[in-house]
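Colleague: here are the coordinates; sequence isn't available:
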């Protein structure tokens with residue numbers, strides 16, 4: 001609802017970019033499947049940073065502990081809730097990076113029932129400071145995994161499709177200047193939020209991903225801003241090893257109550273300051289928040305290979321907006337100014 005009058009073109013673009021997320025949040029919950037996965041989920045185990053790349057490439061998700069201090073997390077959570085509840089900015093944020101969901105000076109709140117998706121401004125000092133702390137720890141992991149996980153067996157062509165059989169560029173993602181920030185936001189779940197429908201943020205194996213997914217393949221990081229000790233607290237659930245075209249074909253073909261899994265799931269019952277990093281195509285869902293007074297918040301961001309977002313968007317930005325250059329990870333580590 002923020003900036004509706006000033007940002008109508010961007011709002012329409014934003015809804016397009018959010019379609020997979022909105023569908024997952026707003027769709028009727030497939031109780032039999034999601035409730036089953038939640039009931040058998042094991043805690044997502046922590047992994048030492050020097051072993052994280054192997055686990056991420058094997059399972060499509062990895063947990064790393066103690067990335068940000070609990071005190072910093074508590075302060076950021078309070079700040080995020082203030083941003084969510086504050087009146088709209090009097091000065092519209094008209095800057096736009098092609099194909100991304102990035103904001104620079106003002107947040108945008110998308111209300112989705114008991115959940116909110118709050119796009120965070122990069123130039124907010126507390127947000128950019130925390131992002132820099134996380135990137136200082138995780139950038140080596142991104143550099144190691146981005147090429148193998150984000151470059152499919154095809155590559156984007158100028159029309160937003162992926163050419164079958166195209167070769168992977170040697171060393172893709174090996175440098176932080178090859179990695180682009182494509183989203184930065186917070187997810188906030190109120191008590192009473194039900195299970196999301198299980199989904200992947202990016203669908204593998206689509207003939208033309210540009211017609212299905214509005215953001216490119218990416219690595220997503222969830223920074224937990226408070227302790228989430230049990231399944232009843234609404235942690236994110238992950239189905240490991242499902243970041244493949246074969247897994248997606250089985251899963252989506254089975255429909256909303258199908259059992260297209262191997263009955264293995266992880267519950268991200270993390271503590272404040274821990275992160276879960278996942279391949280955006282790994283199947284997952286937000287769990288039901290059943291604990292009274294538990295306002296669960298995570299800050300999250302997505303990292304893709306340079307130019308993929310712009311190619312999928314075919315270079316277009318909303319009318320009346322200012323084209324901004326891609327935000328590379330090296331810049332974010334210096335404060336995203």
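Modeller: Looks like it arrived, so ask away. From a predicted model like this one, the values you see are computed outputs, not experimental measurements.
Colleague: quick one: low-confidence parts of the stretch 51-200 of the chain?
Modeller: 152-176 (pLDDT under 70).
Colleague: Repeat the analysis, applying 90 as the threshold.
Modeller: Residue ranges of the stretch 51-200 of the chain with pLDDT under 90: 88-92, 112, 147-148, 150-178.
Colleague: can you tell me how far the closest residue to residue 76 other than its chain neighbours sits from residue 80?
Modeller: Of all residues not flanking residue 76 in the chain, residue 130 sits nearest, at 5.3 Å (Cβ to Cβ, 6 or more residues apart in numbering). In short, each C-beta sits where N, CA and C put it, glycine included. Distance of residue 130 to residue 80, computed by Cβ to Cβ, to the nearest Å: 10 Å.
Colleague: what kind of secondary structure is the residue most central in space within the chain in?
Modeller: Residue closest to the mean C-alpha point of the chain, counted by Cα atoms, centre = their mean, is residue 220 at 4.3 Å. Assigned state for residue 220: strand (three-state reduction, DSSP: H, G, I helix; E, B strand; the rest coil).
Colleague: coming back round to it: between residue 130 and residue 80, which contacts overlap?
Modeller: Here residue 130 and residue 80 have residue 299 as joint contacts, going by Cβ atoms under 8 Å, 6 or more residues apart in numbering.
Colleague: of those two, who's got more company?
Modeller: The residue with more neighbours, out of residue 130 and residue 80, is residue 80; 25 against 22, by other Cβ atoms under 10 Å.
Colleague: Helix or strand: which one has the more buried one?
Modeller: helix 70-85 (DSSP states H and E).
Colleague: Return the distance of that helix from the chain's centre.
Modeller: When C-alpha coordinates are averaged (Cα atoms, centre = their mean, to the nearest Å), helix 70-85 and its chain have centres 19 Å apart.
Colleague: what does that helix rub up against?
Modeller: By Cβ under 8 Å, 6+ apart, helix 70-85 touches 107, 109, 116, 118, 120, 124, 126-127, 130, 133, 186, 188, 223-226, 271-273, 295, 297, 299.
Colleague: Tell me which of those fall in strands.
Modeller: Within the contacts of helix 70-85, residues falling in strands by DSSP state E are 109, 116, 118, 186, 188, 223-224, 297, 299.
Colleague: Quick check: residue 91 vs residue 121, distance?
Modeller: Taking Cβ to Cβ, one finds residue 91 at 11 Å from residue 121.
Colleague: which of those two has more neighbours?
Modeller: residue 121 (20 against 10).
Colleague: wait, what's in contact with the residue nearest to the centre of the chain?
Modeller: By Cβ under 8 Å, 6+ apart, the neighbours of residue 220 are 201, 277-280, 300-303.
Colleague: One more: residue 185?
Modeller: 101, 117-120, 299-301 are the contacts of residue 185 under Cβ under 8 Å, 6+ apart.
Colleague: Spatially, which two of those are the most separated?
Modeller: 101 and 299 (13.8 Å; Cβ to Cβ).
Colleague: circling back to that earlier point, of the contacts of helix 70-85, grab the buried ones for PyMOL.
Modeller: The following PyMOL line selects those of the contacts of helix 70-85 that are buried, judged by 16 or more other Cβ atoms under 10 Å:
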select buried, resi 107+109+116+118+120+124+127+130+133+186+188+223+224+225+226+272+273+295+297+299
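Colleague: tell me which residues of whatever helix or strand residue 251 lives in are tucked away?
Modeller: Assigned by DSSP H and E, residue 251 falls within helix 245-254. Buried residues in helix 245-254, counted by 16+ other Cβ under 10 Å: 247-248, 250-252.
Colleague: Quick check: longest helix in this structure by residues?
Modeller: helix 125-150 (DSSP state H).
Colleague: elements contacting that helix?
Modeller: helix 52-59, strand 61-64, helix 70-85, strand 179-189, strand 219-224, strand 275-279, strand 296-305, helix 329-332 (3 or more Cβ pairs under 8 Å, 6 or more residues apart in numbering; DSSP states H and E).
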